[in-house]
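Trainee: got a predicted structure plus its sequence, pasted below:
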Amino acid sequence: MTELARIAVTTLKGVGPALAEKLAKVGLESLQDVLFHLPLRYQDRTRVSPIGALRPGGDAVVEGVVSGADIVLGRRRSLLVRLQDASGTLSLRFFHFSQAQKDALKRGTCLRCYGEVRTGATGLEIYHPEYRALAADEPSAAVEQSLTPIYPSTEGLTQQRLRALSQQALGSLNGHSLPDWLPAEADEGYVFDAPRAAAALASALAAQPWHGLFVAFDYGKSFDELATAAPAGTARAYFQHTQSNALLARPGEQDLTGHVCWDWLARSLADARFDQPTLESQEAFFIHHAGDFLARTMTEEAARTSPRKLALMQLLHPSHLGQKFQVLHARRQKT
């Protein structure tokens, strides 16, 4: 256990019992948990787009002046705010709002907004955008300087709060807080693959309110194997059944693959209170959990070679997928 794993998340500013309970639902109970709560994806908020250049289906940062704000009665009552810049007009629609919010969005207010642009009843609209009022002396160019992370979350836990807590946790780091798991010495050309998206997806799935069995089949390695036993990395490109290391050679034409880090996925499940995440070869998994079916099938089809028998041999044989694929499984009980 590292130093930061011993420090409760409640030591962060603004984290009381209620917020700590919400953080625990996504496995965040210590500063180390917060540090390794990896983003699912990133948003680009580094530039402001002219309203006239917006297209449906894309996310955008826009900036303009409020030209009107009205409560609209239809199938659903909503607050419709008209935002205008030199290139055009956009509607911001809120289905959940307060009178104070409407009063703050008065004509002449300068806003910066972010959200998904879609086609609505009034033309281009953004539903429930993130927004803030800009002061009269605030420079227009002061946008985000880096990509904005989007974290696995749960009800009542906003992205702004998670980003703020992550910044606080990063501020707690020092030279002795975390061990260095990478090799002290490495040959020229050493590559370390960090398959973060798989772990983030596992965290997002585990954070949802469900119980039952989690099963993942894939190529994978432990963290130690990724760090020390794969000096050329595991990412490979496949084009017309031919493997290569030229990952960027044919954008959009070749398949890219890499090994997941089973330790990270297992930790995501354990943090979400799954019981004893277990990793085994695909061959062992099927024999342990479907042994009777396999034995019966092989006996029934011993004298012939059927498509089902060939498929099972492909899945189980050690020289095919039986040992190459691994299976991580865990169960979460109903509470």
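Mentor: That came through fine.
Trainee: endpoint to endpoint, stretch 89-104 covers what distance?
Mentor: 19 Å (C-alpha to C-alpha, to the nearest Å).
Trainee: any idea how far that stretch is from the chain center?
Mentor: 29 Å (C-alpha atoms, centre = their mean, to the nearest Å).
Trainee: buried ones in that stretch?
Mentor: Thr89, Leu90, Ser91, Leu92, Arg93, Phe94, Phe97 (16 or more other C-beta atoms under 10 Å). (Glycine included, C-beta is placed from N, CA and C.)
Trainee: try stretch 110-126
Mentor: Neighbour-count burial for stretch 110-126 flags Cys110, Leu111, Arg112, Cys113, Tyr114, Gly115, Val117, Leu124, Glu125, Ile126 (criterion: 16+ other C-beta under 10 Å).
Trainee: if we only consider the buried residues of stretch 89-104, which is nearest to Gln208?
Mentor: Nearest to Gln208 out of these is Phe94 (C-beta to C-beta; 26.1 Å).
Trainee: quick one: the residue nearest to the closest one when sequence neighbours are not counted from Ser91, how far?
Mentor: Nearest residue to Phe94, sequence neighbours excluded (C-beta to C-beta, 6 or more residues apart in numbering): Leu79, at 4.3 Å. Taking C-beta to C-beta, to the nearest Å as the measure, Leu79 falls 10 Å from Ser91.
Trainee: tell me where this protein is predicted with low confidence.
Mentor: Low-confidence segments of the chain (pLDDT under 70): 1-2, 136-142, 175-177, 179-182, 186, 317-323.
Trainee: name the single longest helix found in it.
Mentor: Assignment by DSSP state H gives helix 282-300 as the longest helix of the chain.
Trainee: now do it: which elements does it pack against?
Mentor: Contacts defined by 3 or more C-beta pairs under 8 Å, 6 or more residues apart in numbering; DSSP states H and E place helix 282-300 against helix 307-316, helix 323-324, strand 326-332.
Trainee: which residue ranges of the stretch 151-300 of the chain form helices?
Mentor: Secondary structure of the stretch 151-300 of the chain, counting by DSSP state H, counting those that start in this stretch: helices at 159-171, 196-207, 223-228, 262-271, 282-300.
Trainee: residue boundaries of the strands in the stretch 101-250 of the chain?
Mentor: Ranges of strands within the stretch 101-250 of the chain are 110-120, 123-127, 130-133, 148-150, 212-218, 220-221, 236-239, 242-244, based on DSSP state E, counting those that start in this stretch.
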